[in-house]
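Visitor: how does the following fold in three dimensions:
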Amino acid sequence: MEKMFKFLRKSRGERHKTAPAVTTGDTRVELAITASVQSDVGCHREINEDCSAYIDPGDGDLLSAKGRLVIVADGMGGHSAGEVASRMAVDIISREYYDSAEEPASALRRSFIAANREIHSNSTQVQTRTGMGTTCTALVLRDATAVSAHVGDSRLYLIRSGQIYLMTEDHSAVNEMVKRGLLTREEARHHPDKNVILRALGSHPEVEISSWGEPFPIRGGDRFLLCSDGLYDLVEDKEIMQAVLAADVHSACAELISLAKDRGGYDNITVAVVGVGVDGPTSSSDIRQTREAQVVV
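Guide: Next comes the predicted model:
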């Protein structure tokens, strides 16, 4: 399981010895999930170009096969084009993922490909939507594992055992400069080009999608956080971790949005917090199903 943790990075970029992975053997592990997804237009924008969703299938067979899906997308483009692109991404990925007969990792990647194709096609057919695109980060939780797919600079974090790990890599110009040693991570936070992204769904006919090579083991006590750059541009990773650990998922989302707005709220702010509740084998009668989600319209 060690190779599953190679993409774990501490919030400042340094390597960290990982905690032991949960092993399931032949026993199916059911984990209680709580989730909240919240979004705010911020303090300066007139339109919220972010879109997000948390999907907990009501059908037991579908839940067993495909799990729960969380998506955060941050659109870009003139007029309302960014809003259109992010909404399309959430709708198409949700539909394609659950319609697919493939395993979660493959189904999620294919849903991203479908979303990129449809968004790009729409942008070429409607003049006011030319060049529109969207970031997108998605997480699937199924049994005791997670899979993810990612394009752009929205982020996915894991909070585990008092540490916060960045599970995605920003597809941005400044991150490339950091990787080449031209900028420190702190300098990148304040660089004038910090929001220039190198990949987006819909901006080109094809896009490279980042995804995990195999399912990632999760365990009770884990917290996942997905967010748009409107949050992490203004709130430090350590502060994100503290807010998530200090409250229930709904209150944590609200607190982080409030904190970003108190510091200027220059962009739309979207936050999804997912909590993993039970560690170890659990009978289905013991599972608590809690759904707190807001889908941005």
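Visitor: run a quick neighbour tally on the nearest residue to residue 263 once chain neighbours are set aside.
Guide: Sequence neighbours aside, residue 234 is the residue nearest to residue 263 in space, at 4.4 Å (criterion: CB to CB, 6 or more residues apart in numbering). C-beta here means a position set from N, CA and C on the backbone, and glycine is covered the same way. Neighbour count of residue 234, defined by other CB atoms under 10 Å: 21.
Visitor: let me know the pLDDT of residue 234.
Guide: With respect to pLDDT, residue 234 scores 95.
Visitor: please determine how far it is located from residue 43.
Guide: Remark: distance between residue 234 and residue 43 (CB to CB, to the nearest Å) = 11 Å.
Visitor: ok, now residue 102?
Guide: To residue 43, residue 102 is 42 Å away according to CB to CB.
Visitor: mutual contacts of residue 234 and residue 43, please.
Guide: Counting by CB atoms under 8 Å, 6 or more residues apart in numbering, the contacts common to residue 234 and residue 43 are 264, 265, 266.
Visitor: any chance of a PyMOL selection covering the buried ones in those residues?
Guide: To isolate the buried ones among the shared contacts of residue 234 and residue 43 in PyMOL, judged by 16 or more other CB atoms under 10 Å, type:
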select buried, resi 265
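Visitor: for residue 109, state which of the shared contacts of residue 234 and residue 43 is nearest.
Guide: residue 266 (32.6 Å; CB to CB).
Visitor: wait, a strand at that closest one?
Guide: No - using DSSP: H, G, I helix; E, B strand; the rest coil, the assignment for residue 266 is coil, not a strand.
Visitor: any low-confidence regions in the stretch 151-297 of the chain?
Guide: Low-confidence segments of the stretch 151-297 of the chain, defined by pLDDT under 70: 278-297.
Visitor: just the pLDDT for residue 98.
Guide: In this model, residue 98 carries a pLDDT of 98.
Visitor: that one contacts residue 61, correct?
Guide: No - in this structure, residue 98 is not within contact of residue 61 by CB atoms under 8 Å, at 11.4 Å.
Visitor: helix, strand, or coil at the nearest residue to residue 241 once chain neighbours are set aside?
Guide: Using CB to CB, 6+ apart and skipping the chain neighbours, the partner closest in space to residue 241 is residue 164 (4.0 Å). Secondary structure state of residue 164, per three-state DSSP, is strand.
Visitor: my read: residue 164 touches residue 239, true?
Guide: No - using CB under 8 Å, residue 164 makes no contact with residue 239, being 9.7 Å away.
Visitor: the more surrounded of the two?
Guide: residue 164 (24 against 15).
Visitor: all helices of this protein, in order?
Guide: Per DSSP state H, the chain carries helices over the ranges 60-66, 81-99, 104-125, 173-179, 185-189, 229-232, 237-246, 249-262.
Visitor: show me what the shortest one is packed up against.
Guide: Based on contacts counted as 3 or more CB pairs under 8 Å, 6 or more residues apart in numbering; DSSP states H and E, the elements that helix 229-232 packs against are helix 249-262, strand 269-276.
Visitor: now do the last one
Guide: With contacts taken as 3+ CB pairs under 8 Å, 6+ apart, helix 249-262 sits against strand 33-40, helix 229-232, helix 237-246, strand 269-276.
Visitor: now swap in the third one and tell me
Guide: Counting contacts by 3+ CB pairs under 8 Å, 6+ apart, the secondary-structure elements packed against helix 104-125 are helix 81-99, strand 133-142, strand 145-151, strand 210-211.
Visitor: skipping adjacent residues, who's closest to residue 177 in space?
Guide: Closest to residue 177 by CB to CB, 6+ apart is residue 183, at 4.4 Å.
Visitor: hmm, the one you found is touching residue 193, no?
Guide: No - counting by CB under 8 Å, residue 183 does not reach residue 193; the two are 10.0 Å apart.
Visitor: which of the two has more neighbours?
Guide: residue 183 (19 against 11).
Visitor: show me what contacts that one?
Guide: Counting by CB under 8 Å, 6+ apart, residue 183 makes contact with 174, 177, 191.
Visitor: from residue 121, how far out is residue 70?
Guide: For residue 70 relative to residue 121 (CB to CB), the value is 26 Å.
Visitor: kindly report the same for residue 237.
Guide: Counting by CB to CB - residue 237 and residue 121 are separated by 37 Å.
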